[in-house]
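Undergrad: structure, please.
(2 chains)
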Amino acid sequence: MRQSRLFTKTTKNISAEEKSLNAQLLTRGGFVDKLAAGIYTHLPLGLRVINKIGNIIREEMNALGAQEILMPALQPKANWQVTGRWDELDVLFKLKGDDSKEYALGATHEEVVVPLLGKFIFSYKDLPISVYQIQTKFRNEKRAKSGILRGRQFLMKDLYSFHADEKDLGEFYEKIKESYWKIFERVGIKEKTYLTLASGGTFSKYSHEFQTVTDAGEDTIYICKKCHLSINKEILADINPVCPECQSEEFDVKKAIEVGNIFKLNTRFSGPFNLRFKDADGKEKIIFMGCFGIGLDRLMGTVVEICNDENGIVWPANIAPFQAHLILLKPDDKESAKEAENIYDALQKADIEVLFDDRNLSAGIKLKDGDLIGIPVRLVVSGRNKGKIEVKERAKEEVRLLNLNEIIELIKGL
RNA sequence: CGGAGUGUAGCGUAGCGGCUUAACGCGCCUGCUUUGGGAGCAGGAGACCCCGGGUUCAAAUCCCGGCACUCCGACCA
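TA: Have a look, this model is predicted:
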């Protein structure tokens, strides 16, 4: 894509009121725009990141055999009354149509997915099954905060699994854990992420959260020095002061942000909706469920909180908005302009996503913008280096002169 | 939902009761000069000073009430 055609612009001036680092960098770089507290537009660069995160999640969910669907955000009151959550769930947005029928905006989708699957699951032969979606969630947070980390509207991957018994649910739960680790590895935050024992809410005693350590986090976790399992402060009183996994009593205390949460719902929702199946022995049995979430916006914000330096964002290669940032430093120099056009074409033919800064602006602006936007590989064409292209990786200091083939190899290897 | 702070041009800010005809920086437009780390000169456009009420000869400025945003806390299936 030609940067001269990108309608968003970077800016130096953002409100002193915006304290959150992820919001500062994403706003300055033109990735997001805030409409209201906790409500953001994804601009072209930001949407590309979100889509890459979404596709990584899709690949891992599909690998588990889960099937992608898309459920409605607008949900009838009646469904929420079945589970009692119309009155219980204080973050639920409620609204009335002209006909005075009442609706909820989906804060989560158990109330839709359970009756949905009830239309298709009859026999033990239909189990297990899992479905997921990537969809907008609405939660009326009393206080939106931390930039895109806690919004009132956000994209979430939520997967719901259906099982014949508790044992099968437990096995699937372990598989999801592995799958989540792969996702967090691919988006570049695995090293700072800890499996964390947390409250199970109203569903079960405990759940597991994937908590990524950053000072921007809202949660406090106790990381076991011995086995690296961590414990959310919220339940520490229950099991204090011993790690359930290894009995160690030594912890590192850190702030962290919850990037994923996995629950054994058991029969909390299959019960009220009477979701049953006929087992091989001819008996009607209740279905066991699990639910498994990852917030996409929050994941993007978490990556930004971790991957940055004083000059801007440093995107991990797998989720960067583009793979390469080609910068034509002196657009008036016809020879290097032609060279840059040729490189642009060649990279695109090699199937590399490239942002081409062809703007007629000063060198300083272009280089600063490049660092702020944070694309992993920067290619500078200035007419200075005949036959070679100046290459700098965003995460490194070193500048190298390479030819086109070497560059393509470098980018594909990241 | 409690506490605190802040709302002035597209953005960031100054001005906080009378030399105010609302100023400065960024951005934007014109022209010229520039081009390896947010360039220079000259000219120009752009503001219901958040909304509503009040005090006063006089309100961006003081008072009251909204609304919005930010931070702290509570909350966070």
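Undergrad: how much space separates the residue in the stretch 151-300 of chain A that RNA strand B sits nearest to from residue A:85?
TA: Among residues of the stretch 151-300 of chain A, the one nearest RNA strand B by C-beta to the nearest atom of the strand turns out to be residue A:201. It sits 3.4 Å away. C-betas here are computed from N, CA, C, even on glycine. Using C-beta to C-beta, to the nearest Å, residue A:201 is found at 11 Å from residue A:85.
Undergrad: how about residue A:350: what's its closest non-neighbour residue?
TA: Taking C-beta to C-beta, 6 or more residues apart in numbering as the measure, residue A:350 lies nearest to residue A:408, with 4.8 Å between them; neighbours along the chain are not counted.
Undergrad: tally up the residues packed near the one you found, please.
TA: As a burial measure, the neighbour count of residue A:408 was computed by other C-beta atoms under 10 Å and equals 18.
Undergrad: other residues contacting the helix or strand where it lies?
TA: With elements delineated by DSSP states H and E, residue A:408 resides in helix A:404-413, which encompasses its position. Helix A:404-413 is touched from outside by A:323-324, A:343, A:346-347, A:350, A:352, A:376-377, A:379, A:389, A:391, A:402, with contacts defined as C-beta atoms under 8 Å, 6 or more residues apart in numbering.
Undergrad: give the buried residues for that helix.
TA: Going by neighbour count (16 or more other C-beta atoms under 10 Å), the buried part of helix A:404-413 is A:404, A:407-408, A:410-411.
Undergrad: looking at this, residue A:355 is in a strand?
TA: Yes: judged by DSSP: H, G, I helix; E, B strand; the rest coil, residue A:355 forms part of a strand.
Undergrad: ok, how many other residues are close to it?
TA: Residues within reach of residue A:355, counting by other C-beta under 10 Å, total 24.
Undergrad: mind listing the residues bridging to it?
TA: With DSSP bridges as the criterion, the beta-bridge partners of residue A:355 are residue A:325.
Undergrad: quick check, it in contact with residue A:322.
TA: Yes: in this structure residue A:355 lies within contact range of residue A:322 using C-beta atoms under 8 Å: 4.2 Å.
Undergrad: find residues that contact each of the two.
TA: Overlap of the contact sets of residue A:355 and residue A:322 (by C-beta under 8 Å, 6+ apart) consists of A:1, A:375.
Undergrad: that older thread, ok so the residue of the stretch 151-300 of chain A closest to RNA strand B is a helix residue?
TA: No: under three-state DSSP, residue A:201 falls outside any helix and is assigned coil.
Undergrad: residues contacting it?
TA: For residue A:201, counting by C-beta under 8 Å, 6+ apart, the contacting residues are A:207, A:263.
Undergrad: again, but for residue A:48
TA: In this structure, residue A:48 makes contact with A:321-322, judged by C-beta under 8 Å, 6+ apart.
Undergrad: just the CA trace of the helix or strand encompassing it, in CSV.
TA: Taking DSSP H and E as the criterion, the element that holds residue A:48 is helix A:44-63. Only the C-alpha atoms of helix A:44-63 are listed here, as CSV (Å, rounded to 0.1, in the frame of the first residue of the first chain):
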residue,chain,number,x,y,z
PRO,A,44,-6.7,0.7,8.4
LEU,A,45,-3.4,0.0,10.2
GLY,A,46,-5.1,-1.1,13.4
LEU,A,47,-7.6,-3.3,11.5
ARG,A,48,-4.8,-5.1,9.7
VAL,A,49,-3.3,-6.0,13.1
ILE,A,50,-6.6,-7.1,14.5
ASN,A,51,-7.3,-9.2,11.4
LYS,A,52,-3.9,-10.9,11.7
ILE,A,53,-4.5,-11.7,15.4
GLY,A,54,-8.0,-13.0,14.4
ASN,A,55,-6.5,-15.2,11.7
ILE,A,56,-4.0,-16.7,14.1
ILE,A,57,-6.8,-17.5,16.5
ARG,A,58,-8.9,-19.0,13.7
GLU,A,59,-6.1,-21.3,12.6
GLU,A,60,-5.6,-22.6,16.1
MET,A,61,-9.4,-23.0,16.8
ASN,A,62,-9.9,-24.7,13.5
ALA,A,63,-7.0,-27.0,14.3
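Undergrad: is the host helix or strand of residue A:24 up against RNA strand B anywhere?
TA: Following DSSP H and E, the helix or strand that holds residue A:24 is helix A:21-28. Yes: with C-beta under 7 Å from any atom of the strand as the threshold, helix A:21-28 lies in contact with RNA strand B, specifically through residue A:28.
Undergrad: elements contacting that helix?
TA: Identification of packing neighbours for helix A:21-28 by 3 or more C-beta pairs under 8 Å, 6 or more residues apart in numbering; DSSP states H and E yields strand A:32-36, helix A:296-306, strand A:312-313.
Undergrad: can you add mean pLDDT and give the ones you listed back as CSV?
TA: Shown next, in CSV, are those (pLDDT from 0 to 100):
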stretch, mean pLDDT
strand A:32-36, 90
helix A:296-306, 96
strand A:312-313, 96
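Undergrad: which residues are in contact with the lowest-mean-pLDDT helix or strand in chain A?
TA: For chain A, scoring each helix and strand by mean pLDDT, DSSP states H and E identifies helix A:236-239 as the least confident one, at a mean of 78. Counting by C-beta under 8 Å, 6+ apart, the neighbours of helix A:236-239 from elsewhere in the structure are A:197, A:222, A:231.
Undergrad: what comes up buried for that helix?
TA: Within helix A:236-239, the residues scored as buried using 16+ other C-beta under 10 Å are residue A:236.
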